[in-house]
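S.K.: this one's sequence-less:
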């Protein structure tokens, strides 16, 4: 984190998993189509983390071993019934069972911060969730369709691995659920040369899982915010300007805020840092890393050459508005709005056997960050997780 070593960590992880899914689907004939299936997943993770602190009066280390096993099973089904040429109803149901068990051993040596503990932790969770969904479609004709949908989603709870602080109450976090409603339309315009998709949505989250940096313990801890809501509108479209040239774009507005989060770290007020160990309900505060505006515009060229080969090119401008990258809304964690440019120029053989392309991502080398937090042990210092700068690559594709 600094010119002189502050923390040095050795992080080792071993992970293995196996999954299997079986599905049975109907034919596409008749007014009723359906799919049913079953899914099974099993994994195990072993994690070893050793952190040595090298600042101030500290010269010790925390050694942590974390093991977690997870088994997940689900059965699901979905069916669509066409009442006539205009109305369709789709309904689905998924039942999931999840079992998790975890244990962590911790030991400390030397002089370490008082929040670093050497007590073992263990836990076991058994969860089940039933997630329904339903969608109604009204098809005016082949060029116009309207829909409305509802879906419930769920995410299992779990355990905070590799932490050097906290006791049993902070070792485990609960599952998360969401209820989402969406309405929209899909349109084909200009005799098929253009398509437009419009959607408006609202999603309500309960027990939202939030991973935040806890300055009191200098650790990332996953907890459950009481509730949050994300709502907005999205639009995307494609316009064929020429048989070889297509313009496509998308734009989205998202209003995402906590409804209630009574155990949250206090946020900055008018740029002033909150007191140490302060906790408050930050209901009404905007979620971090959730920009209000985002969008992209792409010009695509796919032009045949006289020798049968094709010249392909893409130019994309993508961007988003400003957003905080830390839950406490620290001014130093604010990422200004930005735009980035991606370019691609390629050549395709006449028989489609090979493709050669030159690709540039973020060609203007914009400096942006995707995450940020206060540097451990250094009040007033900020650490950033930086996005990739300019990346130039050559791509060769072969088809046999």
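M.R.: Received it, and whenever you're ready, just let me know what you need. Just so we're clear, the structure is a prediction, and the values are computed from it rather than from any experiment.

S.K.: any idea how far residue 179 lies from residue 42?
M.R.: 29 Å (C-beta to C-beta, to the nearest Å). Placement of C-beta: from N, CA and C, glycine included.

S.K.: Apologies, that question was intended for residue 309.
M.R.: From residue 309 to residue 42 the distance is 49 Å (C-beta to C-beta).

S.K.: Following the chain onward from the lowest-mean-pLDDT helix or strand in the chain, which element is next?
M.R.: Every helix and strand of the chain was ranked by mean pLDDT, DSSP states H and E. The lowest is strand 264-265, at a mean of 84. Toward the C-terminus, strand 264-265 is succeeded by strand 279-280 as the next helix or strand (DSSP states H and E).

S.K.: From the rest of the structure, what touches that next one?
M.R.: 262, 263, 264, 265, 266, 267 (C-beta atoms under 8 Å, 6 or more residues apart in numbering).

S.K.: The least confident helix or strand of the chain pairs with which strands, parallel or anti?
M.R.: strand 279-280 (antiparallel) (DSSP bridges).

S.K.: beta partners of residue 299?
M.R.: Going by DSSP bridges, residue 299 forms beta bridges with residue 247, residue 315.

S.K.: Contact partners for it?
M.R.: 245, 246, 247, 314, 315, 316.

S.K.: PyMOL command to pick out the buried ones of those?
M.R.: Entered in PyMOL, the line below selects the buried ones among the contacts of residue 299, by 16 or more other C-beta atoms under 10 Å:
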select buried, resi 246+314+315+316
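
S.K.: right, and out of the contacts of residue 299, which lies closest to residue 237?
M.R.: residue 247 (8.6 Å; C-beta to C-beta).

S.K.: Now that we have the contacts of strand 279-280, which of them are buried?
M.R.: Buried among the contacts of strand 279-280 by 16+ other C-beta under 10 Å: 264, 265, 266, 267.

S.K.: For the first one, which non-adjacent residue is closest in space?
M.R.: Closest residue to residue 264 in three dimensions, ignoring its sequence neighbours and counting by C-beta to C-beta, 6 or more residues apart in numbering: residue 282, at 4.4 Å.

S.K.: Tell me how far the one you found lies from residue 174.
M.R.: Residue 282 is 19 Å from residue 174, by C-beta to C-beta.

S.K.: Neighbour count: these two, which is higher?
M.R.: residue 282 (21 against 16; other C-beta atoms under 10 Å).

S.K.: my read: that one touches residue 267, true?
M.R.: Yes - shown here, residue 282 and residue 267 form a contact pair, counting by C-beta atoms under 8 Å, at 5.7 Å.

S.K.: Which of the three states applies to residue 234?
M.R.: strand (DSSP: H, G, I helix; E, B strand; the rest coil).

S.K.: What residues are bridge-paired with the nearest residue to it once chain neighbours are set aside?
M.R.: Distances taken as C-beta to C-beta, 6+ apart put residue 252 closest to residue 234, at 4.4 Å, once the chain neighbours are dropped. Beta-bridge partners for residue 252, by DSSP bridges, are residue 234, residue 294.
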